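>>> Give me the fold of what follows.
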Amino acid sequence: MDKASELPHRGTSPYGPLDSLWAAIRRSIPQVTANCGYTPYPAQYDPPMPEYYMRVSYRHRGPYLIVWDDDKGQFRWHNGPLAGTELGDLDSLDTVTTSIGRTLGAGESFAPGSRALASPVEAEEDGLAGDADDQEHD
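This is a model prediction of the structure:
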């Protein structure tokens with residue numbers, strides 16, 4: 001028997017729906033902390049933990065778990081204030097990430113390099129507050 005066959009299962013899985021969601025979150029709401037996890041013995045917990053999940057949080061909200069429901073083909077909240085609520089399917093990742101961002105209070109994100117800001121306070125701090133007509137033009 002070779003050494004590789006003696007190694008325990010490490011919880012790796014092929015690329016799946018949670019990986020697609022993770023990539024969508026990184027792209028559209030990068031301020032949200034997200035990571036995929038694996039529970040080797042999910043039934044030993046009370047209440048049972050999902051085998052595969054995504055943990056998300058933003059500032060003081062979370063961490064909450066999101067799971068993929070194979071039977072329904074939907075992402076859903078596993079815990080937190082919306083536990084059991086379906087978020088959407090793989091064809092609606094934009095809607096799913098928007099819902100996650102709003103639930104966590106992260107708001108909408110903007111494309112990298114965009115000067116759009118999340119709040120008027122940030123605009124004032126960056127010196128961008130005020131009407132465009134008030135600015136001098138060359």
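>>> Number of residues surrounding the closest residue to residue 45 other than its chain neighbours?
Leaving aside its sequence neighbours, residue 45 sits nearest to residue 39 (C-beta to C-beta, 6 or more residues apart in numbering; 7.3 Å). The C-beta positions use only the backbone N, C-alpha and C, and glycine is treated the same way. By other C-beta atoms under 10 Å, the residues close to residue 39 number 15.
>>> Just list the residues touching residue 39, thanks.
45, 49-53 (C-beta atoms under 8 Å, 6 or more residues apart in numbering).
>>> That one and residue 65, how far apart?
Separation of residue 39 from residue 65 (C-beta to C-beta, to the nearest Å) stands at 10 Å.
>>> Same check on residue 46?
Look at residue 46 and residue 65: by C-beta to C-beta, they are 15 Å apart.
>>> likewise residue 19?
From residue 19 to residue 65 the distance is 15 Å (C-beta to C-beta).
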